[in-house]
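Participant: Sequence below, structure please.
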Amino acid sequence: MAMIVKSSTAPPSSFASDLPPVASNAAAPTAATPQCMKPANLRIPSVRLETPSITHKMAATLASSLLGHVLFLKGQVPFPVVQLARMPGGQSNSRGARRRHDLLVAFDTLSSHLQTTFSALSAALALRRAGAPSDASAHLAFVVGPSVGAARARVMFIVDGLEVRPWGERDAGPNVFTGTRGEDVESEEDTDEESGEDESEDDETDEESNDDSEKEESESEGDNSDDAQSVYFSEDESEPPPSRTPSPSPLSSKDVSRPPSPSLCHSVTALPPTNSAMSHTSMQNTYPQPQTYAEEQQTLRAAERLLSRTLANACAEEGGGMSAELAPTQTHILLRAPRCFKHPAWIPRQNLTRSLEGVLQAFLEESGCAERSPKGKTKAIRGIKTEGVYVGCRGSAAAPASEDKEDQGEEEDEMIWWVWDGKITGFSDW
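Facilitator: Coordinates of the predicted model:
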């Protein structure tokens, strides 16, 4: 599908324009293709993913990527984090090498924690939003400074359209062929019982044939072969046992690469599916996900490159984007989540909630991500300017902050701010 580029600074082909596309015979992009969207009302770098919702893996990957860019653009590391990890360490006893090692370890730990963080946040939002749509907004803050209150730079990461699923729903779902995992286990037990009965019948037939072998050997041999064949075909017509090594398998090596025929569907369901197959089936039946791990990683890398290009274009503008030379200091990671959110790596900070809520609301209104408050202009936040990045999906609205105002229910549903318990400290000597 051909794209129309409105600005000369916009990169080609990977970005979507808000103008109607020109008619073309080219194939439309797939649902997993990430594209950029910057509506007229948004005044911050923004990325739109051509997916119905944003998975926890996608949100975690983009959050880690944005943090790496923030550390480099704010002068906390001499090189980008990805490049820093590939460079040789040099003298391991030097002060710079130790700081480099500590930062890379902390960054890797945070990247690992973010994978489970957004999954736990999705489950917490599902408990809080009973009967609500299957997506919500998530907010992450990167604060550069000796403390959260004495910030020298503040960057907001907005995820509009995060998947909201109850805990454990990813592993539940119907099988590809028939039934659920429980039904498959029951069918396997029934198959074991029937196979046991067939084996007992085989033993009785063998005993009778041994008694008659003294009188008529030739006839008994023929009868035995006929009986064995009849038993074998009767087993195939009913249900084959799940594991019989001597008997020929109904699925040969040549048939593995081909899709199972309808006659083999029943025999495949007798085998207990693995957890990975069940989770893949559930996601495939509920949400359009990449079919293979390679496709999923390719989509994540494409989204990371798109975010990098978006930030590079913002830095090339007149204001300079997020680039600022700051002295090396600490970087604090904060997450906005309900009280029912549970994760061992995050500590609730109720004392920061009031100030950060004001900062977030002012930033959302200023950047065009949320409508102006009907009560009047939001109180201006003194100090440093808050920056941020907006990540949306297909059908997401650029007003993710207003949804929490109407949802003031139980105390466990209240949105508060959480601080990551790790420590990221910048360095400049190399």
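Participant: Let me see the contact set for the residue nearest to Met322 when sequence neighbours are not counted.
Facilitator: Computed as C-beta to C-beta, 6 or more residues apart in numbering, the closest residue to Met322 that is not its neighbour in sequence is Leu73, at 4.7 Å. All C-beta atoms are positioned from the backbone trio N, CA, C, and that covers glycine. Leu73 sits next to Leu311, Cys315, Gly321, Met322, Ser323, Ala324 when contact means C-beta atoms under 8 Å, 6 or more residues apart in numbering.
Participant: do that again at 10 Å, thanks
Facilitator: 80, 153, 155, 311, 314-315, 320-326, 387 (C-beta atoms under 10 Å, 6 or more residues apart in numbering).
Participant: And this structure, what are its domain boundaries?
Facilitator: What automatic domain parsing lists as the domains of the chain is 34-168+291-425, 176-210+221-240+260-272.
Participant: Can you pull out the low-pLDDT segments for the stretch 151-300 of the chain?
Facilitator: The model of the stretch 151-300 of the chain has pLDDT under 70 over residues 169-291.
Participant: go on, the stretch 301-430 of the chain?
Facilitator: Residues of the stretch 301-430 of the chain meeting the criterion pLDDT under 70: 372-382, 395-409.
Participant: where along it do the helices fall?
Facilitator: Counting by DSSP state H, counting those that start in this stretch, the stretch 301-430 of the chain has these helices, from start to end: 350-367.
Participant: Could you pull out the strands in it for me?
Facilitator: 330-338, 346-348, 386-393, 415-420, 424-425 (DSSP state E, counting those that start in this stretch).
Participant: Within the sheet, what are the partner strands of the fourth one, with directions?
Facilitator: For strand 415-420, the pairing partners within the sheet under DSSP bridges are strand 330-338 (antiparallel), strand 346-348 (antiparallel).
Participant: JSON lines please, covering the ones you listed and showing distance to Pro146.
Facilitator: What follows is these, written out as JSON lines (distance: least, C-beta to C-beta, whole Å):
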{"stretch": "strand 330-338", "distance to Pro146": "6"}
{"stretch": "strand 346-348", "distance to Pro146": "18"}
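Participant: which one of these is the most hemmed in?
Facilitator: Highest mean neighbour count of these: strand 330-338, a mean of 22 (counted as mean count of other C-beta atoms under 10 Å).
Participant: Out of the strands paired with strand 415-420, which is closest to Gly392?
Facilitator: strand 330-338 (17.0 Å; C-beta to C-beta).
Participant: quick one on the thing from earlier: ok, of the contacts of Leu73, which one's closest to Asp421?
Facilitator: Val155 (19.9 Å).
Participant: quick one: contacts for the nearest residue to that closest one once chain neighbours are set aside?
Facilitator: Of all residues not flanking Val155 in the chain, Phe142 sits nearest, at 4.5 Å (C-beta to C-beta, 6+ apart). Counting by C-beta under 10 Å, 6+ apart, Phe142 makes contact with 63, 66-67, 69-71, 74, 151, 153-157, 331-334, 387-388, 424.
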